[in-house]
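>>> One predicted model, sequence on top.
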Protein chains: 2
Amino acid sequence: MNNPASILVVGSVAFDTLKTPYGERSKILGGAATYFSLAASYFTDVRVIAVVGEDFTAENEAVMNQRGVDTRGIRHARGKTFHWTGEYGENVNEATTLNTELNVFQSFEPSIPAEYQDSDFLFLANIDPVLQTRVREAMPHVQLVGGDTMNYWISGHRQDLEKMLKRVDVLLINDGEAKMLAGDNSLPRAARKVMELGPRALVIKHGEYGATIFFRDGEFAGGHHPFRAPAMPLDEVRDPTGAGDSFAGGFMGYLAAQGEVNRRVLKRAMFYGSVMGSFAVERFGTERLQSLSREEIDERFNIFRELTHLD
Amino acid sequence: MNNPASILVVGSVAFDTLKTPYGERSKILGGAATYFSLAASYFTDVRVIAVVGEDFTAENEAVMNQRGVDTRGIRHARGKTFHWTGEYGENVNEATTLNTELNVFQSFEPSIPAEYQDSDFLFLANIDPVLQTRVREAMPHVQLVGGDTMNYWISGHRQDLEKMLKRVDVLLINDGEAKMLAGDNSLPRAARKVMELGPRALVIKHGEYGATIFFRDGEFAGGHHPFRAPAMPLDEVRDPTGAGDSFAGGFMGYLAAQGEVNRRVLKRAMFYGSVMGSFAVERFGTERLQSLSREEIDERFNIFRELTHLD
């Protein structure tokens, strides 16, 4: 294992054009792998596999490099970068997608650079489960695999998704996705059904209400109850984009930095996930995640503790 | 102050006819004051002011008396008892009201029996704010006043409601009500605006996601952050009716039993509120709240602690 441990993330690096009640932005840096790696970079070494187009500038890539993120796995292809256009209303938990231009992402074929082969942790951000499984199989020796997915794959690519789920240790999805994947409206029942498909633990994200981690019986020693982390009660959620990916980055980043993965560590990882998600939404795009300090992060961790702890 | 301290609750005692995904029941015992007093009865002495009709039986009233609840303030009027008919779909957070027969409740005129005059705590369940204010003014010496309200009064009886809010220490409402009352979609901002109307603390209930208590600056010594209690991840929510009133009963009951009201105690009261809400919804109507033991309650309190505490 590397010291510090390294995380490999595969997913989208994209441009986002978006409008929220607080303003609008055009073609700003976004994408699941971007948010994930910036958030995780405060805890450990991060490596990215993604594809971008000719419109992706050296300045865009430098945003990640300045946080120490290894971007040698980002392939520059002919064409344009993945471009998402969306809008948020007053309900910050729901985005309306206005346009999805996959561009070079459509023919994304992740290949793992030699320098990445010794990665200790792996995060499969939300992409085609066939590609997720391929990357997973090319990295058989990682200590822990985290994964994400979405309604599109759940409803239309079930078999591919189930194959992927067999190879994931911790799946991170939201309430709607969990209920859809399990075909069950009770969250704890849905959680058990999803874990029967493979994951040893399941993180269900509740947006502004926080997130709950469920453990499969017998996995990760230390108690048998789920654990819930709150979200930060924020006055202003300026841009909810990337909150879930930032959560995943904080969660996986903290885990990777601990050496051992047990329930005690997983619970703290839930808090760090919520912390990074809360920072991400305070400003547009990745702005807030570019300039944090570990002190600010730990300060907010303590606020989360005060938010939930009795004494 | 009485020892143990006593709580006076004024509100509805009713019959509920309801359907949930788990079954249906016709004309079972319900009403905010009923759920509240049963939940609070596990912590302290409870007294009820309400009105019922001729169809309200001795057996109905005995349900409360068997828990030690003083029902001398329940007036038996000519006519029928308040009768609510509703339905819950798969989303347990939302009830569809099919019929509301106010009956004797329509001309409810709360009057406070002499034996209730020395009550230590007061809870104004969801009734006409004019009546809430009248009861509040007749009990000027109580240690703490809790209150509830609903969209109907917020949108249609604003002035009456604002008068009531000036005389309430802790208001307990749900997300939608808080946002509506404040005219603001951000929960922490809405909380501050609601507290500017009077309450020194505000409990916002999030249904299956728990509840958050916000404190007005300078009120209730001990920290400046809000506090969030989780809800219990339950496999089966058989009947969500009365969850909020049971929360209020556990919350106020625990408070009344402590002697002193500070933030430390208010935080624990949030847990006990969630605990009583979680029991209420496990079975239809008030069934589960009739037969608990303090041991079961404290056991579940400990589960709530495990659900949220890091160590």
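Received the coordinates, thanks.
>>> quick one: the helices in chain A?
A:32-40, A:58-65, A:129-138, A:151-156, A:158-165, A:175-182, A:187-196, A:243-256, A:263-280, A:287-290, A:294-308 (DSSP state H).
>>> Isn't A:Leu197 up against A:Lys163?
No: the criterion here is Cβ atoms under 8 Å, and A:Leu197 misses it with A:Lys163 at 10.0 Å. C-beta: built from backbone N, CA, C; applies to glycine.
>>> Are there residues contacting both of these two? Which ones?
Applying Cβ atoms under 8 Å, 6 or more residues apart in numbering or on different chains, one finds that no residue jointly contacts A:Leu197 and A:Lys163.
>>> right, and the helices of chain A - which one's nearest B:Thr286?
helix A:187-196 (24.0 Å; Cβ to Cβ).
>>> re earlier: switch the helices of chain A over to TSV; also include distance to chain B and mean pLDDT.
As requested, those are exported to TSV (distance: least, Cβ to the nearest Cβ, whole Å; pLDDT from 0 to 100):
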stretch	distance to chain B	mean pLDDT
helix A:32-40	20	98
helix A:58-65	29	98
helix A:129-138	27	98
helix A:151-156	17	95
helix A:158-165	21	98
helix A:175-182	9	97
helix A:187-196	4	96
helix A:243-256	12	98
helix A:263-280	5	97
helix A:287-290	17	97
helix A:294-308	5	95
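>>> among those, which is the most enclosed?
helix A:32-40 (a mean of 31; mean count of other Cβ atoms under 10 Å in any protein chain shown).
>>> how many other residues sit next to the residue of the stretch 201-311 of chain A found nearest chain B?
Across the stretch 201-311 of chain A, the shortest distance to chain B (Cβ to the nearest Cβ) belongs to A:Tyr209, at 3.7 Å. The local packing of A:Tyr209 (other Cβ atoms under 10 Å in any protein chain shown) involves 23 other residues.
>>> so who does it touch?
A:Pro230, A:Ala231, B:His206, B:Tyr209, B:Gly210.
>>> Quick one: residues contacting the spatially closest residue to A:Pro240 that is not a sequence neighbour.
Nearest residue to A:Pro240, sequence neighbours excluded (Cβ to Cβ, 6 or more residues apart in numbering or on different chains): A:Val92, at 4.8 Å. A:Val92 is in contact with A:Gly207, A:Glu208, A:Val237, A:Pro240, A:Val281, counting by Cβ under 8 Å, 6+ apart.
>>> let's see 10 Å
A:20-21, A:207-208, A:234, A:236-240, A:243, A:281, B:185-186 (Cβ atoms under 10 Å, 6 or more residues apart in numbering or on different chains).
>>> which of these sit farthest apart?
It's A:Ala243 and B:Asn185 that sit farthest apart of the contacts of A:Val92, by Cβ to Cβ, at 16.6 Å.
>>> ok, the nearest residue to A:Asp118 once chain neighbours are set aside to chain B distance?
Nearest residue to A:Asp118 in three dimensions, chain neighbours excluded: A:Asn2, at 6.5 Å (Cβ to Cβ, 6+ apart). Going from A:Asn2 to chain B by Cβ to the nearest Cβ, to the nearest Å gives 27 Å.
>>> so what's A:Asn2 up against?
A:Thr44, A:Asp45, A:Asp118, A:Ser119, A:Asp120, A:Phe121, A:Ala256.
>>> The last one contacts A:Tyr42, correct?
No: distance between A:Ala256 and A:Tyr42: 11.6 Å, which falls outside the contact criterion (Cβ atoms under 10 Å).
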